[in-house]
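K.L.:
I would like to see how this sequence folds:
(chains A, B, C, D, E and F)
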Number of protein chains: 6
Amino acid sequence: MTLLPAAPASPPSRRDDRAAHALRSVRLTRGFTKHAEGSVLVAFGDTQVICTASVVERVPEFLRGRGEGWLTAEYGMLPRATHTRSDREAARGKQTGRTQEIQRLIGRALRAVFDLQKLGPRTLHIDCDVIQADGGTRTASITGAFVAAHDAVRTLLESGRIAETPITDFVAAISVGMLENTPLLDLDYSEDSQCDTDMNVVMTGQGRFVEVQGTAEGEPFSRDDMNALLDLAHDGIAQLIAAQRAALERDLA
Amino acid sequence: MTLLPAAPASPPSRRDDRAAHALRSVRLTRGFTKHAEGSVLVAFGDTQVICTASVVERVPEFLRGRGEGWLTAEYGMLPRATHTRSDREAARGKQTGRTQEIQRLIGRALRAVFDLQKLGPRTLHIDCDVIQADGGTRTASITGAFVAAHDAVRTLLESGRIAETPITDFVAAISVGMLENTPLLDLDYSEDSQCDTDMNVVMTGQGRFVEVQGTAEGEPFSRDDMNALLDLAHDGIAQLIAAQRAALERDLA
Amino acid sequence: MTLLPAAPASPPSRRDDRAAHALRSVRLTRGFTKHAEGSVLVAFGDTQVICTASVVERVPEFLRGRGEGWLTAEYGMLPRATHTRSDREAARGKQTGRTQEIQRLIGRALRAVFDLQKLGPRTLHIDCDVIQADGGTRTASITGAFVAAHDAVRTLLESGRIAETPITDFVAAISVGMLENTPLLDLDYSEDSQCDTDMNVVMTGQGRFVEVQGTAEGEPFSRDDMNALLDLAHDGIAQLIAAQRAALERDLA
Amino acid sequence: MTLLPAAPASPPSRRDDRAAHALRSVRLTRGFTKHAEGSVLVAFGDTQVICTASVVERVPEFLRGRGEGWLTAEYGMLPRATHTRSDREAARGKQTGRTQEIQRLIGRALRAVFDLQKLGPRTLHIDCDVIQADGGTRTASITGAFVAAHDAVRTLLESGRIAETPITDFVAAISVGMLENTPLLDLDYSEDSQCDTDMNVVMTGQGRFVEVQGTAEGEPFSRDDMNALLDLAHDGIAQLIAAQRAALERDLA
Amino acid sequence: MTLLPAAPASPPSRRDDRAAHALRSVRLTRGFTKHAEGSVLVAFGDTQVICTASVVERVPEFLRGRGEGWLTAEYGMLPRATHTRSDREAARGKQTGRTQEIQRLIGRALRAVFDLQKLGPRTLHIDCDVIQADGGTRTASITGAFVAAHDAVRTLLESGRIAETPITDFVAAISVGMLENTPLLDLDYSEDSQCDTDMNVVMTGQGRFVEVQGTAEGEPFSRDDMNALLDLAHDGIAQLIAAQRAALERDLA
Amino acid sequence: MTLLPAAPASPPSRRDDRAAHALRSVRLTRGFTKHAEGSVLVAFGDTQVICTASVVERVPEFLRGRGEGWLTAEYGMLPRATHTRSDREAARGKQTGRTQEIQRLIGRALRAVFDLQKLGPRTLHIDCDVIQADGGTRTASITGAFVAAHDAVRTLLESGRIAETPITDFVAAISVGMLENTPLLDLDYSEDSQCDTDMNVVMTGQGRFVEVQGTAEGEPFSRDDMNALLDLAHDGIAQLIAAQRAALERDLA
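P.N.:
Numbers count the residues shown, from 1 in each chain, chains lettered A, B, ... in the order given. Below is the predicted model of the structure:
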């Protein structure tokens, strides 16, 4: 469905000779820690995030007595996940605006593929904790969290607590950006810092959008730029969903 | 430049018989309060926001000694701006994630049309305080804040503190959404609550994007939906910029 | 009943040639915003405060199950209501001591003219938000809040939720001060900064005191000073109550 | 100088047969703890407060480089100073509005008798910590804090850090209230809870007012009530200042 | 049972010629304040702590409906209990790590001698507030809190709310340290600052350990040092328990 | 040097048939994440902690201008490191008392083997983040943090920022406990919950104590118990230091 844009005369060179339209190496390690109902270590190149999905048999106040479930997400970063040490949010006593923005995004992305009625009166609590950051932590989080959530749902199915899966589709996310007029897929930290435009796209297995968040860091972007970036993202997310499917294969078979 | 999508057989009916592609009544009242260097009351229908721009002769730590300026924004809502009273953030002791997300967006939107080098070593502090809310508070805030910022810059020019305007273009914002398969411009609160897809678009006077934030609240959206919404937003923002230009006319003449 | 003190040989000159015993221009605009049960913009000269009264069908913990109601108040100031921008309390994460002192005062003042038994098991939540400050924000808040509370009560009466008004009298407030041995009524910001003594008086329609808060900012004050100031306040409040009555006339008739 | 109001036919009976115009037993114990430059245990009957005055060789930001000093106060209450245990403010993470109101009052009261220019570039930090509460904690705090501040000043004089005392007069405080139409001096907790009107008065050695804070808890009060209460307070404060003078006698001689 | 270590050739000289193995003067004043069910002023030399025990007829969430009681402790220090004034925790908005560590220790120490089943569904809330600090505030707190808790239990027994005492043994605490190779008992502040090793020991009336917390501030310590310190602590605690017993004699007789 | 206590008739059975005096499997993975100067994943059985050491070229206020360095530690736990999900401290807005206690302990333990003069005017910031918890998280943290700190020091040496290592000895930590009268080494979570006595011991390569923290959770413990536990800990720590040495071998050779 997508036609990749023709490579420019001389596209920006990327680490490890990665092509402009190539993802970094993606790994999804299930069962990474043992207590959570779902636990996945996701890596997009050097970005590594531990995603867990916890089943809590309780719903928030606003859903009490309605039989419906909820899915919510929290995001954090170890202080030395980054090039220079950043303050520990627990010690500073509050989460930054960036953290809150990301965790709200993760929650919305996952809820888009959940039928909360079928989840029943319980909460699926997603935690995404970045242990190593090199750009794309929010997109890796969403991509990994889907797999963790899937495993938590399997636990519920196997224990008979729910009869039918509340998951309605796959969901994954990727970043794209415009650097020196070239659209690049899956930006690492140094690319992200130089890009004029940075866009995060969340898409379902059916190729429909859940979120599109494009920001001009430098020069505002044109409609053509936008189209090129969306094409690139569409293609990247298809690959990510293939990786999720492979990781979950044993169950889905 | 934009070709509006053909009206559907029976589009959703809007308050006051507004057409699907029509803005609500927009008002920009300059000099609304007297102390701020720029002070604008902006109304998008029943949504009303006081936008002030304050010149502070100081820059944040990370810019010290570099001669460059900064522009930052804060956003708030009076507790009874909404249908039912919401908690006062100052009393709760923290800003919600939503508030932080919006104020970060306003800051980025305005910085996109500011040459901070030309602003010199000072901060332009934007405050957007919603006194009445009926949907679109963030887009009204950006649209009004641009006019307030413009007036603050005029103060700087007139007092000789800067020689040349740091403003490089107009900027305004609008929401669009997909309701019953019809793309609607400038959603009010009740439309926003029912929409499957809600998108906020920030655009410059030259018709380039600064931000595009589309979210599927219900059904994920297709690429065609996205295109229809962007067309609609483009047209709406052109009208808002015309309104800004009219409000500022005496200066720009 | 009050005998105004004889004008001194040469009283301090006031802005707009205002007499020592004259109020600033007072405006009470009802229905200023649309969602609140009562919403009033009050202006004492350049001081402008939005006062809303919200009916919340719930009482605080300590009144549960007693059938009685409650009235409470919160106060805030937009960051650029003042000459130089002040920090946003929601961003700092706490309300200042001054804010808390004022909102406690507003609550006590209004409760003095409310029969909470007649209000029934609900809370009247008063919000006073200063959009422009030029001295006297707490006295304008009390004066405006009374009118907003009155309108909220009318809503309750009209909807049949209460059978009888819980309001037992009018209440309003004014500041007085001693500047260069002259008692002045209704201090603006620059007068307030220079005064030796500053007093806020809250009084009912029957001319009885609800609160008297006199503070010597410079020289302590004598009993004679105190008497002169109370006389002046008594007279000013009578005028404010006349203004409240006029604003509410359609209902009271 | 004051003429006490005639006793009513049958005044309310007070604990220990105290007369309506009598203080509780007042004790001022200097040198109560050993580290502070001034340390006083003040008792008004069963109300006991530790008041310390600490000299800190530093001034707040807004006074830097001006040679002038500052005096500030903080107030606290041990959790079980009261009849039933109250929450520890340090554990709750914030001071109540009441605490902030009282500590601001104590600071203003003491500053009224301090020439901060003569104090030089240092801060006198007053701490008032209630170890047992039975009404009148703020008035006891002010009365005791004056003596502690005096001792701290003596330390500064003796060490030669200042040449001349910055203290310009005595200052003390008392509560008065109207119960069953009888003006009562120095209310204990149970009287305070029943009073219609409660007034705190801060006065100097010369009989001039620093603060008058009268509040109608129940019925609003008349001008005559106010006059009777001020007469009573004037007399009580004269006795407190005599007690302060006696406690400080060795130095003042 | 303990054999005191032979005095070294020339042990460090202590204030008031105190011997290396001697406690400071210990005082336990019961009924120090009047509202609490138990209230004790404990002094270890110049260290003075007000310990109160409050009975609250409620248990924490995790014990609801189990019939069992709870005992918890909070610790604080007046700002000028110390040589130089420290920040008030309530004003800073949080308790330090040191404060939390100490209050957790006090709670564990007291719970070790309480049969919470016998306490019944109520909480014994211990508050230890240091009014003068000279080293050993946590050990004095535990020692005094035991006596306060005992008095609170007596109140419960006398009012018939419990039939049998939940207290199973005495408990007290002391610090020991190694200074210039000499083990010292009950360190004051200046000794504590110089010690290489500082150990706090909590022990029961039967001479068994509840807590041993040894820390090398400078040189790590040997097993022999440890043994010498434990011997010394054992002996000191026996004396403290004798002092507690004497203070409580009237009841225990 | 230590003589292990004779095994009791029938010691408690441990998971995987572990002997009472045996450690769990210990792993120290250096270079676990890439940005930190030192980064180690330490595992004590199922307990896994990421320990990083970050060099920050700045010292705290109290050390400014003294040429000396500082070492400090922070500790955290991912919300789902535990059997049931615990609240995220960053979201709650404060660290628990337990967290603060542990991070203070880690800092003291490491500083005991650092010559801060030799570190020079910089801070070594240790972060220990538990990704999977099964008892012993603080002892694993100390043991792993030493290796991370060592690697950070190596970086400083190799870059020539310091000439000589500031590390004076090895340091490691282990827990021991008394269960059914049997001393057990290296408690896992279920053992820790059942133990009467729980002791954490920090020791240097020379077998001297840095910290001993013994707590009776149930029955108070005797001096003989204490001796048995210290013997066991001594032996376990010797094995941990051997493991640290092996992990660091390439450098130390």
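
K.L.:
contacts and neighbour counts: CA atoms only from here.
P.N.:
Noted.

K.L.:
Can you read off the pLDDT for whatever residue of chain A ends up closest to chain D?
P.N.:
Residue of chain A nearest chain D, by CA to the nearest CA: residue A:93 (11.3 Å). Residue A:93 carries a pLDDT value of 88.

K.L.:
pretty sure it contacts residue F:94?
P.N.:
Yes: if you go by CA atoms under 8 Å, residue A:93 and residue F:94 touch, sitting 5.1 Å apart.

K.L.:
In chain A, which helix is the longest?
P.N.:
helix A:223-247 (DSSP state H).

K.L.:
Outside of that helix itself, which residues are in contact with it?
P.N.:
The contact list for helix A:223-247 (CA atoms under 8 Å, 6 or more residues apart in numbering or on different chains) reads A:2-5, A:21-23, A:26, A:28-30, A:143, A:147, A:170-178, A:183-186, A:199, A:201-203, A:205, A:207, A:252, B:208-209.

K.L.:
Residue of the stretch 1-150 of chain A closest to chain F, please.
P.N.:
residue A:90 (3.8 Å).

K.L.:
thinking again about what came up before, so what's the residue count around the residue of chain A closest to chain D?
P.N.:
16 (other CA atoms under 10 Å in any protein chain shown).

K.L.:
how about stretch A:115-124: buried residues?
P.N.:
A:115, A:116, A:118, A:119, A:120, A:121, A:122, A:123, A:124 (16 or more other CA atoms under 10 Å in any protein chain shown).

K.L.:
Any idea how far apart the tips of that stretch sit?
P.N.:
Terminal residues of stretch A:115-124 are spaced 12 Å apart (CA to CA, to the nearest Å).

K.L.:
Please report how far residue A:29 lies from residue A:148.
P.N.:
10 Å.

K.L.:
For the two, list the residues in contact with both.
P.N.:
residue A:40.

K.L.:
ok, the two, which is more surrounded?
P.N.:
residue A:148 (32 against 16).

K.L.:
and that one, what helix or strand is that in?
P.N.:
Element membership of residue A:148 [criterion: DSSP states H and E] is helix A:137-158.

K.L.:
Give me the angle between that helix and helix A:223-247.
P.N.:
40 degrees (axes from the mean of the first three to the mean of the last three CA atoms, to 10 degrees).

K.L.:
Say whether chain F is contacted by helix A:137-158.
P.N.:
No: using CA under 8 Å from any CA of the partner chain, helix A:137-158 stays clear of chain F, coming no nearer than 12.4 Å.

K.L.:
helix or strand right after that helix?
P.N.:
strand A:171-179.

K.L.:
who's in contact with the residue nearest the centre of chain A?
P.N.:
In chain A, the centroid-proximal residue (CA atoms, centre = their mean) is residue A:142; its distance is 2.0 Å. Neighbouring residues of residue A:142 by CA under 8 Å, 6+ apart: A:106, A:109, A:110, A:171, A:172, A:173.

K.L.:
who does the last one bridge with?
P.N.:
Pointing back at residue A:173 there. residue A:202 (DSSP bridges).

K.L.:
Wait, it touches residue A:137, no?
P.N.:
No: taking contacts as CA under 8 Å, residue A:173 lies outside contact range of residue A:137: 10.3 Å.

K.L.:
Can I get whichever strand or helix holds residue A:42 in CSV, CA atoms only?
P.N.:
Following DSSP H and E, one finds residue A:42 within strand A:38-44. Written as CSV, here are the backbone C-alpha positions of strand A:38-44 (Å, rounded to 0.1, in the frame of the first residue of the first chain):
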residue,chain,number,x,y,z
GLY,A,38,3.2,-9.9,31.2
SER,A,39,6.8,-8.8,31.1
VAL,A,40,8.7,-7.8,28.0
LEU,A,41,12.1,-6.3,27.3
VAL,A,42,11.8,-4.3,24.1
ALA,A,43,14.8,-3.0,22.3
PHE,A,44,14.8,-0.6,19.3
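
K.L.:
mind listing what's buried in the helix holding residue A:148?
P.N.:
In helix A:137-158, counting by 16+ other CA under 10 Å, buried: A:137-156.

K.L.:
Also stretch A:63-81?
P.N.:
A:68-81.

K.L.:
swap in stretch A:12-28?
P.N.:
A:12, A:19, A:20, A:21, A:22, A:23, A:24, A:26, A:27, A:28.

K.L.:
Work out for me the element residue A:210 sits within.
P.N.:
Using DSSP H and E, the element containing residue A:210 is strand A:209-216.

K.L.:
other SSEs contacting that strand?
P.N.:
strand A:197-204, strand B:209-216 (3 or more CA pairs under 8 Å, 6 or more residues apart in numbering or on different chains; DSSP states H and E).

K.L.:
same thing but at 10 Å, please
P.N.:
Applying 3 or more CA pairs under 10 Å, 6 or more residues apart in numbering or on different chains; DSSP states H and E, one finds that strand A:209-216 contacts helix A:97-111, strand A:171-179, strand A:197-204, helix A:223-247, helix B:97-111, strand B:197-204, strand B:209-216, helix B:223-247.

K.L.:
I'd like to know the average pLDDT value across the last one.
P.N.:
If I follow you right, that is helix B:223-247. Per-residue scores along helix B:223-247 average to 97.

K.L.:
Go ahead and measure how far that helix is from the middle of the chain.
P.N.:
12 Å (CA atoms, centre = their mean, to the nearest Å).

K.L.:
which residues sit in contact with residue A:168?
P.N.:
A:111, A:112, A:113, A:114, A:115, A:204, A:205 (CA atoms under 10 Å, 6 or more residues apart in numbering or on different chains).
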